[in-house]
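[1] Any chance you can model this:
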Amino acid sequence: MNLLPLETFREQIGWNPYHFWGMSETQLAPVTSACNTVMREHSWQDIYAVGRAEIRSAIERSEKKIMDYLGYPVAPMYVEETIDWPTYFDNNAWRRLPIGGDVKRVAVRTTFGKILAVGVEKFTDINEENVVFSDDDNDGLDETFTAIAATTETNPAKIYVQFIEADRPYWSKDRKRWRISPVKVSISGGLVTVVGKSWMLIKPILYEGMKANKDINPTVSSNFVAKILISSRSIDPEGETVDDSQATLLWNTDIFSVSKDPAAIGKLVARAGIHNAETGFVVPAAATKANGIWTENFCNFYREPDQVTVRYSAGVPLDENGEIDYDIRQAITHMAIAEIGRPVCGCEEANRIFYYWQFDLSRAGGRNTEQFQVSKDDMNNPFGKQRGHIWAWQRVKEKALMRGLAF
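    Sure, this is the predicted structure:
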């Protein structure tokens, strides 16, 4: 799922919030242009226009390109990945125990740096709370929502808000797809207060499906959800099975294995200490838990593991407003527009922002054609040739995580 909230994307491009989220009303939220129409959830609901789902996909592609280059997630993200166990360059040499020549545990490099914690992502539901809407600017529209819940959680950064199942399409149970973000969260006196924009709370079941191609009226209260689910999201480091432990050591079978099935994989519970959080090195080792205490398990392995699965959270922490770094979120927005690659509706005037960032700066023309001066380094960037790609590259190229290489 995209780390940059769709609402943040909308704010960056200055789209009317009600129209962007599928709403209009003749007096209070009118559509004033024949081409600046209301956006649908899916492009197939309005064949001439881009839908919000298509924008989400473009944001995901942009984030992946940026994260692959940077070497770390642009926001806190849970990762579970299986990595090849590091072996000696000389294939004739191998370790009897997972200990290096420096008498330290063998370090494994994860895909991403800036590790925050090691463990399994865990959601603890606090409660489904009623939502109160308010009109803060007296324009006739309730543009703000507030929900309050009792909690023992003390860290606002762990609060996670989403739609309840009754308001979501039956076919999608992924809670990350139905996250409500960004929101402002505060905790005081055992109460968590969540405040956000009401246009994000249109019932998802109203804009999904074949017949969801009509404008939703923002003045009808039943079009908005009555409750939201407030949860706490954390990283649990205490898993004791091969499915939820911090790490799992993996062995492929061979002729000396107990199992003779060539497709079998041996698994062992492991813990993973953080060796270098910035560059993404962890030190996995087999461990067992007894009487609440973890102890390294120096099994007499006849050979080293083939792979290790590591479960961790990594990324740049959000700012005090719960947002991604300003430069990064602008880079994602402009690159996502370039990734979409087409206008959002049939009128070029309404699409001038999209057209600007989607313009291909690599194209050449004749003497009377508009010319551009773009450096060779910028044109050869790893993102693309459109203005949004190049602009994003210029903003992130100095932020990459540099890792050493061994030869």
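[2] Tell me where the stretch 151-300 of the chain has helices.
    With DSSP state H, counting those that start in this stretch, the ranges of helices along the stretch 151-300 of the chain come out as 204-207.
[3] give me every residue that touches residue 270.
    Residue 270 sits next to 245-249, 284-287, 308 when contact means CB atoms under 8 Å, 6 or more residues apart in numbering. Every residue, glycine included, has its C-beta placed from N, CA and C.
[4] any idea which of these has the most stuff around it?
    Tallying neighbours with other CB atoms under 10 Å puts residue 247 at the head of the contacts of residue 270, with 29 neighbours.
[5] Tell me how far it lies from residue 305.
    Residue 247 sits 10 Å away from residue 305, going by CB to CB, to the nearest Å.
[6] elements contacting the lowest-mean-pLDDT helix or strand in the chain?
    Here the helix or strand of the chain ranked lowest by mean pLDDT, DSSP states H and E is helix 376-379, holding a mean of 80. Helix 376-379 sits against helix 387-396, with contacts defined as 3 or more CB pairs under 8 Å, 6 or more residues apart in numbering; DSSP states H and E.
[7] Spell out the secondary structure type for residue 402.
    coil (DSSP: H, G, I helix; E, B strand; the rest coil).
[8] That one: neighbour count?
    Neighbours of residue 402 (other CB under 10 Å): 8.
[9] Tell me who's in contact with it.
    Counting by CB under 8 Å, 6+ apart, residue 402 has no contacts.
[10] What does the pLDDT read for it?
    Residue 402 is assigned 78 on the pLDDT scale.
[11] And it, how far from residue 81?
    On the measure of CB to CB, residue 402 and residue 81 end up 21 Å apart.
[12] What is the neighbour count of residue 294?
    Residue 294: 15 surrounding residues under other CB under 10 Å.
[13] Next: the one 10 residues further on.
    Counted with other CB under 10 Å, the burial measure for residue 304 works out to 17 neighbours.
[14] how near is it to residue 222?
    61 Å.
[15] where along the stretch 151-300 of the chain do the strands fall?
    Along the stretch 151-300 of the chain, counting by DSSP state E, counting those that start in this stretch, strands occupy 159-163, 184-188, 191-197, 227-236, 247-252, 265-276, 281-290, 293-296.
[16] Give me the below-cutoff pLDDT ranges for the stretch 1-150 of the chain.
    26-36, 48 (pLDDT under 70).
[17] What are the boundaries of the strands in it?
    77-84, 108-109, 115-118, 120-130, 132-134, 144-150.
[18] who touches the longest one?
    By CB under 8 Å, 6+ apart, the list of residues contacting strand 120-130 from outside reads 78, 80, 147-151, 153, 160, 164, 175, 192, 226-236, 239, 244-246, 311, 313.
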